[in-house]
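> need a 3D model of the sequence below.
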Amino acid sequence: MKTILIPTDFSDISKNAVVYGFHLAQSIGAEIQLVHILEIYKFAAGTSEAELISTILPAENIAEMEKAAKQSFEDFVAQILQQVPSGVPYRTEVVTGHLVNEMIVRSAMPDIDLIILSVSSSQDLMTRFTHNTISTILSEAQCPVLVVPSGFAYKPIKHVVFATDFLKEELDMLAHFLNSFTIFAPKLTILHVTSKGVDFTTELKMAGMKQLITEKTHYQNFTFQLKSHKNVVQGIIEHTAEADLLLMLKEHEGFFKSLFEASKAEKITHYLKIPMLSYRIENFVK
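Numbering: from 1, shown residues only. The predicted structure is shown next:
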């Protein structure tokens, strides 16, 4: 892994993602690319975030906005550098565009290996990284995406819960993950949660998965768990209490929509308490 892309809006929430990213980059020998998206848009009455329309502004106004953003970026980075390991290579960029679109486009660039986002515990906080924004980036990004809860402090990745649905693409994804994060040599818990109950067929699938993982990765530090829960999303999260990372394959949008479109009474911290790394299934289809 060479380059980690981290978007920031200078909020404390995105600051947490940047700090986490610098620590991770130091551990795995990666470079950080920080980007601030200057959104020059306005809302049309009744439109959603996805239907933003451009505002026509004089060029000098845009230039002033860019100048102010660059100064804010310099101040932000100066604060960050006091809290992160020294010697991590990084670069910064201010671009004009739309946050979601920019992340999706950049995720397909060959020099970007990972995107890190931070999710807030409340929609009331001032940040562009809303639950809907993150859900969209997770669903559409071409490269792996790591989502870090805003209150989660970095620590070495020693225990990973890998939520499996017994897909053949998961074998290649797991091999890719172990190759990228080999420095940590983590304990891996292979977890399957079903809402239909654990039967003989499910046990047979897990036994087959265990054998295939061992043959594919030649990794030894595994444990395997089968669990039944009426809510699969919550069932997975409940079994990550002792872990440092949740690993997922983006098989479909359902999981992420369920995770991030929580009701008002159930904030995101009710679910996501540790970082979650997701890979795109299309990258492993042969």
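
> let me see the mean pLDDT of the helix or strand residue 70 falls within.
Here residue 70, judged by DSSP states H and E, is contained in helix 59-80. Helix 59-80 carries an average pLDDT of 84.

> how about that helix: buried residues?
For helix 59-80, burial by neighbour count (16 or more other C-beta atoms under 10 Å) applies to 65-66, 69, 73, 76-77, 80. Every C-beta, even on glycine, is put in place using the N, C-alpha and C of the backbone.

> now swap in stretch 183-202 and tell me
Under the neighbour-count criterion of 16+ other C-beta under 10 Å, stretch 183-202 has 184, 186-193, 202 buried.

> of the buried residues of helix 59-80, closest to residue 217?
Using C-beta to C-beta, residue 80 comes nearest to residue 217 of the buried residues of helix 59-80, at 35.2 Å.

> contact partners for the closest one?
Residue 80 makes contact with 15, 18-19, 22, according to C-beta atoms under 8 Å, 6 or more residues apart in numbering.

> shouldn't residue 84 be in contact with residue 23?
Yes. Counting by C-beta atoms under 8 Å, residue 84 sits close enough to residue 23 to count as a contact (6.5 Å).

> pLDDT-wise, which helix or strand of this structure ranks last?
One helix or strand of the chain scores below all others by mean pLDDT, DSSP states H and E: strand 53-54, with a mean of 44.

> in the protein, mark out all the helices, start to finish.
12-28, 59-80, 99-107, 131-140, 169-180, 200-217, 232-238, 254-260 (DSSP state H).

> in terms of mean pLDDT, which of those ranks lowest?
Mean pLDDT per stretch puts helix 254-260 lowest among these, at a mean of 69.

> using PDB, write out the CA atom coordinates for it.
As requested, the backbone C-alpha atoms of helix 254-260 are provided in PDB (Å, rounded to 0.1, in the frame of the first residue of the first chain):
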ATOM      1  CA  GLY A 254     -27.900  -3.200   2.000                       C
ATOM      2  CA  PHE A 255     -25.400  -3.600   4.800                       C
ATOM      3  CA  PHE A 256     -24.100  -0.100   4.600                       C
ATOM      4  CA  LYS A 257     -27.500   1.500   4.200                       C
ATOM      5  CA  SER A 258     -28.700  -0.400   7.300                       C
ATOM      6  CA  LEU A 259     -25.600   0.700   9.200                       C
ATOM      7  CA  PHE A 260     -25.600   4.300   8.400                       C
END
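
> mind giving me the packing neighbours of that helix?
helix 131-140, helix 232-238 (3 or more C-beta pairs under 8 Å, 6 or more residues apart in numbering; DSSP states H and E).

> give me the residues contacting it.
For helix 254-260, the external contacting residues (C-beta under 8 Å, 6+ apart) are 119, 131-132, 134-135, 138-139, 232-233, 248, 250, 268, 271-272, 278.

> who are the contact partners of the residue sitting nearest the centre point of the chain?
When C-alpha atoms, centre = their mean is applied to the chain, the residue found nearest the centroid is residue 146 (2.2 Å). Residue 146 makes contact with 114-117, 275-277, according to C-beta under 8 Å, 6+ apart.

> now, among the residues you listed, which is nearest to residue 154?
Proximity of these to residue 154 (C-beta to C-beta) peaks at residue 275, which lies at 9.0 Å.

> ramachandran angles for that closest one?
Note on residue 275: its backbone torsions stand at phi -60, psi 150 [degrees, to the nearest 10].

> which non-adjacent residue is nearest it?
The shortest distance from residue 275 to any non-neighbouring residue, by C-beta to C-beta, 6 or more residues apart in numbering, is to residue 148 (4.7 Å).

> which ones among the contacts of residue 146 map onto strands?
Secondary structure defined by DSSP state E assigns 114-117, 276-277 of the contacts of residue 146 to strands.

> reformat those as TSV; add distance to residue 174.
Formatted as TSV, the ones in strands among the contacts of residue 146 follow (distance: C-beta to C-beta, whole Å):
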residue	distance to residue 174
114	16
115	20
116	20
117	22
276	15
277	11
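
> could you give the number of residues near residue 179?
Applying other C-beta atoms under 10 Å, we find 10 residues neighbouring residue 179.

> distance of it from residue 241?
Residue 179 sits 27 Å away from residue 241, taking C-beta to C-beta, to the nearest Å as the criterion.

> could you do residue 164 as well?
Going from residue 164 to residue 241 by C-beta to C-beta gives 19 Å.

> do the same with residue 108
According to C-beta to C-beta, residue 108 and residue 241 sit 35 Å apart.

> re the thing from before, what bridges to the residue nearest to the centre of the chain?
Note on residue 146: beta-bridge partners by DSSP bridges are residue 116, residue 277.
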